[in-house]
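In: pasting the structure only:
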């Protein structure tokens with residue numbers, strides 16, 4: 001299958017694309033590679049398009065059979081700092097991409113969204129895809145807006161699938177240490193302290209990065225009659241944790257760790273059902289302990305280190321700072337060489 005993936009240089013994309021290539025697919029990727037193009041290994045069936053999803057040309061959709069629209073300003077803190085850009089990219093550009101894909105004859109469009117749009121829910125409620133959403137952040141609101149504008153594009157000739165991903169964890173070539181399990185594991189290993197946002201009672205569904213990539217691949221060939229115009233939560237019941245219990249799992253694997261509480265109480269709390277996607281035959285394979293052990297192994301082998309680009313917001317701000325500096329000092333097409 002010929003597949004176009006936006007945001008392919010990100011945390012999920014750098015796991016997803018190699019999996020697609022291993023299965024024999026031909027993949028076009030569209031990205032500006034803020035986190036470095038070297039994180040995506042070259043392959044004879046891989047075509048790289050250096051472009052911004054907001055400006056993507058319809059020519060790129062020629063011969064494409066499916067689109068996985070991963071592009072996004074990632075995470076809640078970034079969404080609040082870069083609010084305008086989050087709406088432009090996470091909402092408007094994805095609507096534009098979906099419309100272009102339909103116009104150019106693409107048969108299937110997959111929108112990776114976020115379970116964060118459930119926001120705060122009653123502690124006794126297990127949210128399914130019909131539950132009223134309650135997005136609390138710019139990031140979540142933009143995802144919900146994208147869903148609402150893209151789902152109506154579904155037709156007999158254009159299959160649209162929305163995947164509400166749980167909080168993702170696990171090792172990826174474009175590593176993120178600003179996600180719950182990943183950051184907790186790093187903090188515990190590096191300092192013997194486990195930073196935990198108050199008060200730890202909040203529920204959060206999790207999914208390993210490989211498992212959410214598998215869900216996206218699964219939807220490429222799922223029965224159109226069962227998935228077209230539908231929303232699916234992605235994760236598993238065994239991966240729904242209270243944050244304080246998740247911390248205990250980290251403590252059980254990383255030795256000599258103390259919990260340190262910080263910040264205001266995080267009001268995002270939601271327990272989620274995954275029965276709809278599991279009824280189709282999809283099953284998440286990994287649990288939190290797998291991700292914790294995987295990251296710990298990478299840290300101890302020095303294959304993984306905390307750098308500025310492993311914290312998404314820090315890296316966005318660093319790039320913005322350097323862009324401002326370069327624009328100021330560049331003359332005659334160069335800096336030292338002119």
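Out: It's in. Since the structure is predicted, the reported quantities are computational estimates derived from the model, not experimental observations.
In: going forward, measure contacts and count neighbours with C-alpha atoms only.
Out: Will do.
In: count of neighbours near residue 299?
Out: Residues lying near residue 299 (other CA atoms under 10 Å) number 17.
In: hang on, residue 276 in a helix?
Out: Yes - assessed by DSSP: H, G, I helix; E, B strand; the rest coil, residue 276 belongs to a helix.
In: surely it meets residue 232?
Out: Yes - counting by CA atoms under 8 Å, residue 232 is a contact partner of residue 276 at 6.5 Å.
In: what sits against residue 40?
Out: Residues in contact with residue 40 (CA atoms under 8 Å, 6 or more residues apart in numbering) are 9, 14, 17-18, 173.
In: one more time with 10 Å
Out: By CA atoms under 10 Å, 6 or more residues apart in numbering, residue 40 lies in contact with 8-10, 13-15, 17-18, 33, 46, 48, 173-174.
In: can you map out the helices along the stretch 201-338 of the chain?
Out: Using DSSP state H, counting those that start in this stretch, the helices of the stretch 201-338 of the chain run over 209-221, 224-227, 243-253, 275-278, 288-300, 312-329.
In: circling back: quick one: the contacts of residue 40 as TSV, columns for pLDDT and secondary structure too.
Out: Below are the contacts of residue 40 laid out as TSV (pLDDT from 0 to 100; DSSP: H, G, I helix; E, B strand; the rest coil):
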residue	pLDDT	secondary structure
8	97	coil
9	97	coil
10	97	coil
13	98	helix
14	98	helix
15	98	helix
17	98	helix
18	98	helix
33	96	coil
46	98	strand
48	97	strand
173	97	coil
174	97	coil
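In: for PyMOL, write a command that selects the buried ones of the residues you listed.
Out: To isolate in PyMOL the members of the contacts of residue 40 that are buried, counting by 16 or more other CA atoms under 10 Å, one can use:
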select buried, resi 8+9+10+13+14+15+17+18+33+46+48+173+174
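In: of the contacts of residue 40, closest to residue 326?
Out: The nearest member of these to residue 326, counting by CA to CA, is residue 33 at 18.1 Å.
In: just the endpoints, please. Distance across stretch 52-61?
Out: End-to-end distance for stretch 52-61: 14 Å, by CA to CA, to the nearest Å.
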